[in-house]
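> The following block contains a protein sequence and its predicted model.
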Amino acid sequence: MKRAAVGVAFALVLLTLIAARAGGMTIASPDVQPGATISDEQVSSGFCCTGRNISPALSWSGAPAATRSLALTVYDPDAPTGSGWWHWIVFNIPPDTTRLPKNAGNPSSNLAPAGSVQGRNSFGAPGWDGPCPPQGDPPHRYVFMIYALDIDQIGASADVSPEFIGSNLESHTLDKASLTGLYGRK
C-alpha cells in the first residue's frame, strides 16, 4: 500500500510538471482540488457506485490568441483496461469560452456551450460519467485536460470513438492544462 501511495504521489508531481511546462493555460475547479479525493457528487451512479454523477464546474484561462476552438477530456489512466478510460469528452467549444458550469456534462441539461459536442465516453454514451474504479484498487487518477486548438472544429459526431478525438487533439494542440483528482473504493 505504501508503494502504491508513493507511485501516486510521483505521478501527481510528474503531471504537475508536465502541465506547468505546457504553456500559459491553467484549469481549476471549485469541485475538484488538485491531488484530492473527488466528491461523491461527481462519482458515477452506475456499476455498483452510488454517486450523483454530476460533472464538476471547471474554469480555465490563458488560451493562446491563435486559439480557434477548445476541447476538454477527463481520462483515467489507471483503469484496468490496458488503455485507460475516458469519462468525458467535449469538443468544438468556442474559443472565447472560459468555463463549464456544474452539470454541463449532462447533455439534457443544455449547459454546455452552444456549438460544442459531447462525445462518447468509454461507458458508450455522450456526456459525463464519473469515477467508479474497481473496489479495492488504489485510488485512480482522473485527469481533466483543457486543450486550445488551432482548428475551428473537429469534424466528428458525438458517436466517434474517444481515441479518434484524442488523435485530433494531439495533432492540433496549441497549449493545454490539466487538473488531476483522485478516487478509489475500499
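Everything's here; your move.

> and the most centrally placed residue in the chain, helix, strand or coil?
Geometric centre of the chain, nearest residue: Val74, 1.8 Å, by Cα atoms, centre = their mean. Classification of Val74 by DSSP: H, G, I helix; E, B strand; the rest coil places it in strand.

> So Ala66: helix, strand or coil?
Once three-state DSSP is applied, Ala66 turns out coil.

> got a list of what it touches?
Asp150, Leu174 (Cβ atoms under 8 Å, 6 or more residues apart in numbering). The way it works is simple: take the backbone N, C-alpha and C, and place the C-beta from them, glycine included.

> Quick check: the residue nearest to the centre of the chain vs Leu182, distance?
Val74 is 13 Å from Leu182, where distance means Cβ to Cβ, to the nearest Å.

> Same check on Leu169?
Applying Cβ to Cβ to Leu169 and Leu182 gives a distance of 23 Å.

> ok, now Arg68?
From Arg68 to Leu182 the distance is 33 Å (Cβ to Cβ).

> Look at these two and report which has more neighbours.
Set side by side, Arg68 and Leu182 show more neighbours around Leu182, with 21 against 15, by other Cβ atoms under 10 Å.

> doesn't the more buried one fall inside a strand?
Yes - assessed by three-state DSSP, Leu182 belongs to a strand.

> How confident was the prediction at it?
With respect to pLDDT, Leu182 scores 98.

> One more: Val6?
The model reports Val6 with a pLDDT of 42.

> for this protein, what helix or strand is lowest in average pLDDT?
Within the chain, no helix or strand scores below helix 2-22, which has a mean of 44 by mean pLDDT, DSSP states H and E.

> what about the strands in this structure?
26-28, 58-61, 69-76, 85-93, 99-100, 117-118, 140-149, 173-183 (DSSP state E).

> what lines up beside the fifth one in the sheet?
Spelled out, it's strand 99-100. Sheet partners assigned to strand 99-100 using DSSP bridges are listed as strand 58-61 (antiparallel).
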